[in-house]
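Asks: quick one: sequence and predicted model below, then my questions.
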Amino acid sequence: MNRKHWVLARAGLVAMCAGAVLVAQAWTVGQVAPMSGAEASQGRAYAQGMRLYFDQINKAGGVQGQPVELAVLDDVGHPEETVTKTRKLLSESKPVVLAGYFGNRNLSALLESKALDGSQIPLVGYQSTDTRVLASPQMFSTRAGLAEQVAKISTHLATVGITRLALVFEERPDAQELTALVTKAVNPSGAKLVASAMLKSRGGSDKAVQELQAAKTSPQAILLVASSPATAAFVEAYRMEGGTAQVYATAEADIEQLAKRLPVEYMSGLSIAQVVPSPYKVSGKLNKEFRDATIAAGKTLDVPVSFAMMEGYVNAKVIVEAMRRSQPVTPEKMSAALRGLESYDLGGYWVNFKPGQVGSKYVDLSIVNAAGRVTQ
């Protein structure tokens, strides 16, 4: 081979290698969530929901010619692990966005650690009702906030003549802010908080039940702001002590997990705020799209279809839209694109971050009947 041909061949080889590198590149979405432990089913379902949509996008050519990949690390639900694993993820995987985080204490610890400071990376989609997290400029919630959930519940209760409420919540640093938020949210419906109790570690449910029973005014309904394990423990303790008030839980509690932890007689009458459309119905464009995606995935699904999976799917759609609007796709451009999302329709589910950090107002109620079946 003469020098000219050798140079051309070498140039072709370099071009081929460069092309291979370009194909291999991907936009990375980073998730630190419970993949093992008490909340593992929700974390895994949320991740599966995001992967469902990313797979659809990748089969269609990706975003701006590059695939979207999900890098996941397990924090086992421990706040300190959330911080450690997030630092590791940022350092090693270089994500353009974070997504799918879980837990009030976990998100609070992440903010306090300042692990995100300086990176300008947005965190899109999380399960937390911590009022300080909701106000963070780097946090974008693709689900309705606590105020919207409580307002929906109290409005429903007003239609059936219930106005005396008790607030039961897990121990949290923003307890005062939470109480103030709930009080303000229930006022328009004419409801009032007549009692409150905090769930503290083991044995907390029994003590909370005692505090409610000792209240001067008996509540007609109980508003629970707690994780699935804490919600299940309280409901069981309350019913075992003969408690008869209706129990309403915010979307922190997962209805599928409660059904596994509680017998039908304790689930009966329980209502839970849902912040995404039902994954079991085909009543709209988004529902049908999600159902088709799960059918196409078939046996490759790691976990059963659930509300958490639907929420992950919704979140992935928002992330991809922000990527499409980012030129180029960087954490800074992603943040700007998210702030510019206004009345974005995902198929009957609207997201709007202009203005604010909470992008949705969608809330529905799932109510468990005497037979243990869920109605909406």
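Replies: In hand now; what should we look at?

Asks: for Val150, see how far away Thr131 is.
Replies: For Thr131, the distance to Val150 equals 12 Å [C-beta to C-beta, to the nearest Å]. Placement of C-beta: from N, CA and C, glycine included.

Asks: that's a helix at Arg87, yeah?
Replies: Yes - per DSSP: H, G, I helix; E, B strand; the rest coil, Arg87 lies within a helix segment.

Asks: could you list everything the closest residue to Leu365 other than its chain neighbours pairs with in the sheet?
Replies: Once flanking residues are discounted, Leu365 sits nearest to Ser271: 5.3 Å by C-beta to C-beta, 6 or more residues apart in numbering. With DSSP bridges as the criterion, Ser271 is bridged to Tyr248, Ile367.

Asks: of Thr131 and Val150, which one has the most company?
Replies: Neighbours per residue (other C-beta atoms under 10 Å) separate Thr131 from Val150, with Val150 holding more: 28 against 20.

Asks: pLDDT value on the more buried one, please?
Replies: Looking at Val150, its pLDDT reads 94.

Asks: quickly find the element holding it.
Replies: Using DSSP states H and E, the element containing Val150 is helix 146-159.

Asks: and if you look at Leu286?
Replies: Per DSSP H and E, Leu286 falls inside helix 285-297.

Asks: roughly how far is that helix from the heart of the chain?
Replies: 19 Å (C-alpha atoms, centre = their mean, to the nearest Å).

Asks: from the contact counts, what lies against it?
Replies: Secondary-structure packing of helix 285-297 (3 or more C-beta pairs under 8 Å, 6 or more residues apart in numbering; DSSP states H and E): helix 40-59, helix 307-324.

Asks: the last one vs helix 285-297, what angle?
Replies: Orientation of helix 307-324 against helix 285-297 (axes from the mean of the first three to the mean of the last three C-alpha atoms, to 10 degrees) gives an angle of 100 degrees.

Asks: can you tell me what sits against the following helix or strand past helix 307-324?
Replies: Sequence order places helix 331-339 as the next helix or strand after helix 307-324, per DSSP H and E. The contact list for helix 331-339 (C-beta atoms under 8 Å, 6 or more residues apart in numbering) reads 96-97, 119-122, 124, 138, 140, 318, 321-323, 325-327, 353-354.

Asks: skip ahead from the strand or helix carrying Ala166 and say which helix or strand is next.
Replies: Using DSSP H and E, Ala166 sits within strand 164-170. Counting by DSSP H and E, the next helix or strand C-terminal to strand 164-170 is helix 175-186.

Asks: pull the distance from that next one to the chain's centre.
Replies: For helix 175-186, the distance to the chain centre is 21 Å (C-alpha atoms, centre = their mean).

Asks: just the helices in the stretch 1-150 of the chain please.
Replies: When secondary structure is read from DSSP state H, counting those that start in this stretch, the stretch 1-150 of the chain shows helices at 3-24, 40-59, 79-92, 104-113, 131-135, 146-159.

Asks: for the third one, name the packing helices and strands.
Replies: Contact here means 3+ C-beta pairs under 8 Å, 6+ apart; on that basis helix 79-92 packs against strand 27-33, strand 68-74, strand 97-102, helix 104-113.

Asks: and for the second one?
Replies: Applying 3+ C-beta pairs under 8 Å, 6+ apart, one finds that helix 40-59 makes contact with strand 27-33, strand 68-74, strand 97-102, helix 255-261, helix 285-297, helix 307-324.

Asks: tilt between the fifth one and helix 40-59?
Replies: It stands for helix 285-297. For helix 285-297 against helix 40-59, the angle by the same axes, to 10 degrees is 90 degrees.

Asks: returning to that earlier point: and the strand holding Ala166, what does it pack against?
Replies: helix 175-186, strand 192-199, helix 204-213, strand 221-225.

Asks: could I get those as a markdown table with mean pLDDT, mean neighbour count and distance to Leu346?
Replies: Output for these, formatted as a markdown table (pLDDT from 0 to 100; neighbours: other C-beta atoms under 10 Å; distance: least, C-beta to C-beta, whole Å):
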| stretch | mean pLDDT | mean neighbour count | distance to Leu346 |
| --- | --- | --- | --- |
| helix 175-186 | 94 | 17 | 25 |
| strand 192-199 | 95 | 19 | 34 |
| helix 204-213 | 94 | 18 | 37 |
| strand 221-225 | 97 | 24 | 26 |
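
Asks: distance to Gly298 for those - can I get that in a markdown table?
Replies: Formatted as a markdown table, the helices and strands packed on strand 164-170 follow (distance: least, C-beta to C-beta, whole Å):
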| stretch | distance to Gly298 |
| --- | --- |
| helix 175-186 | 42 |
| strand 192-199 | 40 |
| helix 204-213 | 40 |
| strand 221-225 | 36 |
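
Asks: would you map out the domains in this structure?
Replies: By the assignment in automatic domain parsing, the chain contains the domains 18-144+281-360, 147-274.

Asks: check the offset of the longest one from the chain's centre.
Replies: Chain-centre distance of domain 18-144+281-360: 9 Å, with C-alpha atoms, centre = their mean.

Asks: got it, and stretch 241-258?
Replies: Using C-alpha atoms, centre = their mean, the offset of stretch 241-258 from its chain centre is 18 Å.
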